[in-house]
Every structure is written in C-alpha cells, then in structure tokens.
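S.K.: this one's structure only:
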C-alpha cells in the first residue's frame, strides 16, 4: 500500500524550530519528487518546498526561503522539513506529497502530485 505519513508537528513559540518528517512506504522513493505544502484555516493550499528524487535539486517559496530546509534520505524512505524562525503565520496543517518524475527535477505543483499524506498540525503561538 502506497502511503505517506507526516509527523513532527506541534505547538512552538515564535522564533522556535520544528522538524517535520515524511515517511514513505509501498514505493521506491528515489523516483519521486517530494513536496511540502501547507494549508491554514480559510486559506488555499500553499506549496512550500520541493526536492528532486536524488535530493540534488531543491526549491523554496519566498515565504519560507532562508528559514526552512528540505532534505531526504532515500535509503530510509524519509523526507524532512527543518523549520526555523517560525512565525505565527506559519500556523497550518503541513502535508508532504510525492510526484513520480522521469527526470531528476524539483517540480511539485499541487495538482500534479500522485500521493498525499494526511498532514500534521503546526501551531506557532506564544
């Protein structure tokens, strides 16, 4: 069964850090670009970051560039999102998603993703 499971969310104070994890099962992660997305209450889903199958290429949205870092360990079938300098506006449900790609590119448009996790809630509040 193909599955993505996020973990690592929680309550953190402004300026704090969290590391989200995305565990994949049921497929070979190497052939998938992985993206992190988030959706805050009343807002549309937002793509945050994407990493290519090899991990050699990454992409970040301006809102998180310099604060968030995406990484992956294909042997462990894990993808991570290190989030630093968190702000209240980072509060959202965070999702990881996988897209099968035939070339090693970091391309993660939401509509093109093949598999989604169920999300993990991040709350940034004092």
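M.R.: Received the coordinates, thanks. All of these numbers come straight from a predicted model, not from anything done at the bench.
S.K.: show me where this structure has strands.
M.R.: For the chain, the strands defined by DSSP state E occupy 3-7, 10-12, 18-25, 32-39, 46-51, 58-60, 68-73, 78-83, 92-100, 115-116, 120-124.
S.K.: reformat those strands as JSON lines; add distance to residue 106.
M.R.: Bear in mind the C-beta positions are built from the backbone N, C-alpha and C, glycine included. Shown next, in JSON lines, are the strands of the chain (distance: least, Cβ to Cβ, whole Å):
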{"stretch": "strand 3-7", "distance to residue 106": "17"}
{"stretch": "strand 10-12", "distance to residue 106": "26"}
{"stretch": "strand 18-25", "distance to residue 106": "15"}
{"stretch": "strand 32-39", "distance to residue 106": "6"}
{"stretch": "strand 46-51", "distance to residue 106": "4"}
{"stretch": "strand 58-60", "distance to residue 106": "5"}
{"stretch": "strand 68-73", "distance to residue 106": "9"}
{"stretch": "strand 78-83", "distance to residue 106": "12"}
{"stretch": "strand 92-100", "distance to residue 106": "10"}
{"stretch": "strand 115-116", "distance to residue 106": "17"}
{"stretch": "strand 120-124", "distance to residue 106": "22"}
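S.K.: the one residue sitting closest to the centre of the chain and residue 126, how far apart?
M.R.: Centroid check for the chain by Cα atoms, centre = their mean gives residue 36 as the closest residue, at 2.2 Å. Residue 36 sits 24 Å away from residue 126 when distances are taken as Cβ to Cβ, to the nearest Å.
S.K.: now residue 69
M.R.: Relative to residue 126, and taking Cβ to Cβ, residue 69 is found at 24 Å.
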